[in-house]
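Peer 1: Below: sequence and its predicted model.
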Amino acid sequence: MPGFRRMGRPGLLGLAARTAVVAGTASAVSGGMQRRQQQKSQEEQQQEAWAAQQQQAQIDAAAAAAVAAQTPAAPVAPPLVAPAQAGPAGGVDIIAELQKLAALKEQGILTDDEFTAAKAKLLA
């Protein structure tokens, strides 16, 4: 039967092969989409971390400028206590408070006068 060709629906083997191709394609597309979403998420996290780092640097610079503005021009003797041990256990961390005030001023929540008054109160 050299001229015999099957006509009509594909056989079981053809159906299995077609199903395997469709499933493989779907799996490849799905995996590619997941990788792309993970990469995009990772890039967004890196951008957020960089922005937070920049904002913290601005706050640190503002706090340092505020402390420098309040420091007298004459040289000051170095503190006898290490900076990590500067405040008592229940005391206020002045640098952290100054940073918070600077952030509030940058956000427009505090005016210049309010910032100056709060800073003077902290340093007094």
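Peer 2: Perfect, I can see it now.
Peer 1: Quick one: list the elements packing against the longest helix seen in the chain.
Peer 2: Longest helix in the chain, counting residues (DSSP state H): helix 12-70. Judged by 3 or more CB pairs under 8 Å, 6 or more residues apart in numbering; DSSP states H and E, helix 12-70 is in contact with helix 94-106, helix 112-123. Backbone N, C-alpha and C define where each C-beta goes, glycine included.
Peer 1: Identify, out of the ones you listed, the most deeply packed stretch.
Peer 2: With neighbours taken as mean count of other CB atoms under 10 Å, the helices and strands packed on helix 12-70 reach their highest mean count in helix 94-106, at a mean of 17.
Peer 1: Do me a favour and average the pLDDT over that helix.
Peer 2: Averaged over helix 94-106, pLDDT sits at 89.
Peer 1: ditto for stretch 63-83
Peer 2: The pLDDT scores in stretch 63-83 average 63.
Peer 1: Report the distance from stretch 27-47 to the chain centre.
Peer 2: Distance, stretch centre to chain centre, for stretch 27-47: 18 Å (CA atoms, centre = their mean, to the nearest Å).
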